[in-house]
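Participant: No sequence on hand, only this structure:
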């Protein structure tokens, strides 16, 4: 009897194909990009506001010191009975710091508003969008409001020298809770909001 071993026919294994749909997608890290044009415009407008604010502040300080000198020349050494003591010395650096900061911040807001109005006006000319028209009707009065704020700060520069009681000077000046300080704080937040809006409007 032939005892030759029977050879089993082995079929080669077929290559297993991987289902690509089951593979986890490769996450690509997105590198954040910044709008250089918008950032450049913001820098130019902020610098313009700082320069104008410094110029106006210098003028306002000079005017305030002239008013102080005028009070001194008018009353001299004679102070009427019951009348508060007249300020005869020029404004100090500490008294000028907050008013100057306020004028600079308001001027920055004014320049940012000019930039926003120009951007939205350009878009409105192309699209005739009612939404853009509404934004313009909001931004233009806000621009004039900044001009009135500068005029108010101009008057408040001389608040430390006003011949009123201490309480009145504090309420209209740049002490805690005074009108001047409120204007400065509001203008800072306004400038931050306008900067963000201008950046997003240029994307």
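Facilitator: Received it, and whenever you're ready, just let me know what you need. Bear in mind that the values here come from a model prediction, so they are computed numbers and not experimental data.

Participant: Where does the prediction get shaky in this protein?
Facilitator: Across the chain, residues meeting the criterion (pLDDT under 70) sit at 1-34, 71-88, 159-178, 203.

Participant: Give the next helix or strand downstream of the helix ranked longest in the chain.
Facilitator: Of all segments of type helix in the chain, defined using DSSP state H, the longest is helix 36-75. Following helix 36-75 in sequence order, the next helix or strand is helix 93-127 (DSSP states H and E).

Participant: Which positions within that following helix qualify as buried?
Facilitator: 95-96, 98-117, 119-120, 123-124 (16 or more other C-beta atoms under 10 Å). All C-beta atoms are positioned from the backbone trio N, CA, C, and that covers glycine.

Participant: tally of neighbours for residue 158?
Facilitator: 22 (other C-beta atoms under 10 Å).

Participant: my read: it touches residue 68, true?
Facilitator: Yes - using C-beta atoms under 8 Å, residue 158 makes contact with residue 68 at a distance of 7.2 Å.

Participant: Chain neighbours aside, what residue packs nearest to residue 146?
Facilitator: In space, and not counting its chain neighbours, residue 146 is closest to residue 110: 4.3 Å by C-beta to C-beta, 6 or more residues apart in numbering.

Participant: Can you tell me how far the closest residue to residue 100 other than its chain neighbours is from residue 198?
Facilitator: Computed as C-beta to C-beta, 6+ apart, the closest residue to residue 100 that is not its neighbour in sequence is residue 57, at 4.1 Å. Distance of residue 57 to residue 198, given as C-beta to C-beta, to the nearest Å: 24 Å.

Participant: Between those two, which is the more surrounded one?
Facilitator: The neighbour count for residue 57 versus residue 198, taken as other C-beta under 10 Å, is higher for residue 57 (22 against 18).

Participant: show me what contacts the more buried one?
Facilitator: 96, 99, 100, 103, 104 (C-beta atoms under 8 Å, 6 or more residues apart in numbering).

Participant: What of residue 111?
Facilitator: Residue 111 touches 45, 46, 48, 49, 52, counting by C-beta under 8 Å, 6+ apart.

Participant: quick one, phi/psi of residue 91?
Facilitator: Note on residue 91: its backbone torsions stand at phi -60, psi 140 [degrees, to the nearest 10].

Participant: residues near it, how many?
Facilitator: 20.

Participant: One more: residue 132?
Facilitator: The burial count for residue 132: 18, using other C-beta under 10 Å.
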